[in-house]
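Trainee: Task: produce atomic coordinates for the following.
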Amino acid sequence: MTAVDVFFYLLSAIAVVAGWRVFRTDSMVRASFFLLTSFLTVGGIALLLAAPYLGAAVLFMMAVEMMVMALFMVMFMMNPAGLNPMNMVHQSRFAIGAGVVAGVSLAVLALVVRFPRHPVEPSADLISRLGHELLGDSMLIFESAGVAIVATMVCTVVLSSASGRYGNATSGSRPPGLEPGGEPAGRRPDSDDDADGGDDE
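Mentor: Numbers count the residues shown, from 1 in each chain. The predicted structure follows:
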């Protein structure tokens, strides 16, 4: 067994466990990071299988996508920061049945179907050819989308910070409790002075 085999089995195990934890955790933000971990390990597996373009695309695209998703959950969810316990599984029987059917079908296809083989010259510049094929007529669109994603991430971080336009964004606020009628979750104003906006004139 080579080092590549060891890393393949290790990354495969991490991908499966992280994917399972997506549906077992009780937080949307934690689920996002578990899903990110699963995607990153799948990208690593693609790199081990000599598919550098596919692996790099999965690593970069999924990392950005999951980070944006987590930031938006922290910013917009009524559940403080998406960290309070909540049910992450709906229609569990249907989901289990669909998962079993899909898994068995993919396993049968992988074992039974004879995939075509098209040998390629070792000296062929496959990544360059694939890049020109995918982005040759759409480079401006992809570049614009990248700038929009970066701007979205920056704006999300700014808007979700504690420092608002007119002072501390948490002044006078009271987050909902972890339980009905219980102690509020998350940050609370440090003193009564913060609740009136900090002006003592």
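Trainee: so how far is residue 149 from residue 157?
Mentor: 13 Å (CB to CB, to the nearest Å). All C-beta atoms are positioned from the backbone trio N, CA, C, and that covers glycine.
Trainee: ah, wrong one, I meant residue 183
Mentor: To residue 149, residue 183 is 37 Å away according to CB to CB.
Trainee: the more surrounded of the two?
Mentor: The neighbour count for residue 183 versus residue 149, taken as other CB atoms under 10 Å, is higher for residue 149 (15 against 9).
Trainee: count of neighbours near the nearest residue to the more buried one once chain neighbours are set aside?
Mentor: Nearest residue to residue 149 in three dimensions, chain neighbours excluded: residue 64, at 6.0 Å (CB to CB, 6 or more residues apart in numbering). Number of residues near residue 64 (other CB under 10 Å) recorded here: 16.
Trainee: So which elements touch the top helix by length along the chain?
Mentor: Scanning the chain for the longest helix, with DSSP state H as the assignment, gives helix 52-76. Contacts defined by 3 or more CB pairs under 8 Å, 6 or more residues apart in numbering; DSSP states H and E place helix 52-76 against helix 28-48, helix 126-135, helix 139-159.
Trainee: tell me the most buried of these?
Mentor: Compared across those, helix 28-48 shows the largest average neighbour count, a mean of 20 (mean count of other CB atoms under 10 Å).
Trainee: what helices or strands is that one leaning on?
Mentor: Contacts defined by 3+ CB pairs under 8 Å, 6+ apart place helix 28-48 against helix 3-24, helix 52-76.
Trainee: export the ones you listed to a markdown table and tack on mean pLDDT and distance to residue 120?
Mentor: Below are the helices and strands packed on helix 28-48 laid out as a markdown table (pLDDT from 0 to 100; distance: least, CB to CB, whole Å):
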| stretch | mean pLDDT | distance to residue 120 |
| --- | --- | --- |
| helix 3-24 | 89 | 20 |
| helix 52-76 | 79 | 13 |
